[in-house]
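Student: Below are the sequence and a predicted model for it; my questions follow.
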Amino acid sequence: MTTPGPADRETRDEHVTKLIDAGEAGPWIPVTGGVEWRRGPYLVSTDPDRLDLAGTAGFLAGTYWAPEIPESVVRRSVQHSIAFGLYEGDRQVGFARVTSDRATFAWIGDVYVAESHRGRGLALWLMRCVLAHPELQELRRWLLASTTARGLYERLGFTALAAPERFMEIADRDVHRRQREREAASGGG
């Protein structure tokens with residue numbers, strides 16, 4: 001019998017398992033389609049076949065950063081990223097996505113934990129798994145944008161841009177509405 005390590009620590013409170021931050025993601029294992037981490041009843045997996053894309057699209061469509069995003073766009077974004085599903089048993093309860101060249105740069109986006117599962121340490125563990133992914137090591141720069149979880153990201157080492165004047169953007173805030181309208185007009189989605 002082995003003694004559980006720090007990454008296996010958890011507390012149970014009335015049928016809710018809360019993770020205790022161990023300061024690391026814990027060991028990952030290779031699986032068909034990606035890699036996985038396990039802690040108690042929770043799993044983080046990069047296997048795209050496990051993802052509930054309809055549920056993910058539904059959640060993201062209600063966010064401030066991706067309002068009205070169609071499922072077809074979420075599906076395409078997952079195909080061109082490393083997508084991380086967070087699961088309790090077989091039920092997906094969170095998501096994060098990384099767009100990267102896997103050599104120098106990574107953008108983290110679409111991070112969420114279902115409201116029913118917040119306050120359990122899952123967002124921190126999900127992000128530790130993102131940063132521990134074996135194909136995303138020794139990158140020069142990681143970026144993300146957040147208005148609501150900055151404290152979480154600061155715990156992981158993220159800081160405000162050192163030179164925001166160097167960064168520029170093209171922002172099309174209505175793109176997902178137009179995509180949905182096109183899909184509806186063509187009978188798709």
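Tutor: Alright, I've got the coordinates. These numbers come from a predicted model, not from an experiment.

Student: after the least confident helix or strand in the chain by mean pLDDT comes which helix or strand?
Tutor: Sorting the helices and strands of the chain by mean pLDDT, DSSP states H and E puts strand 10-13 at the bottom, at a mean of 54. Sequence-wise, the next helix or strand downstream of strand 10-13 (DSSP states H and E) is strand 16-19.

Student: quick one: buried residues of that following strand?
Tutor: 17, 19 (16 or more other CB atoms under 10 Å). For glycine as for every other residue, the C-beta is placed from the backbone atoms N, C-alpha and C.

Student: neighbouring strands for it, and are they parallel or not?
Tutor: strand 10-13 (antiparallel) (DSSP bridges).

Student: In this structure, where is pLDDT below threshold?
Tutor: Scanning the chain for pLDDT under 70 picks out 1-14, 188-189.

Student: got the residue ranges for the helices in it?
Tutor: 53-61, 71-79, 122-132, 150-155, 175-186 (DSSP state H).

Student: From the contact counts, what lies against the third one?
Tutor: For helix 122-132, the packing partners by 3 or more CB pairs under 8 Å, 6 or more residues apart in numbering; DSSP states H and E come out as strand 16-19, strand 34-39, strand 42-45, strand 82-88, strand 91-100, strand 105-113, helix 150-155.

Student: Let me have the ones you listed in CSV, extended by distance to residue 52.
Tutor: Output for the helices and strands packed on helix 122-132, formatted as CSV (distance: least, CB to CB, whole Å):
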stretch, distance to residue 52
strand 16-19, 20
strand 34-39, 15
strand 42-45, 12
strand 82-88, 8
strand 91-100, 4
strand 105-113, 13
helix 150-155, 23
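
Student: what about residue 62, distance to residue 68?
Tutor: 9 Å (CB to CB, to the nearest Å).

Student: quick one, which of these two is more surrounded?
Tutor: Using other CB atoms under 10 Å as the criterion, residue 62 and residue 68 rank with residue 68 on top: 17 against 12.

Student: what's near enough to touch that one?
Tutor: 61, 176-177, 179-180 (CB atoms under 8 Å, 6 or more residues apart in numbering).

Student: before we move on, the earlier item: out of the helices of the chain, which is closest to residue 98?
Tutor: helix 122-132 (6.1 Å; CB to CB).

Student: what's in contact with that closest one?
Tutor: 19, 21, 24-25, 28, 37, 39, 42, 44, 84, 86, 93-94, 96, 98, 108, 111, 113, 136, 142, 149, 152-153, 155-156.
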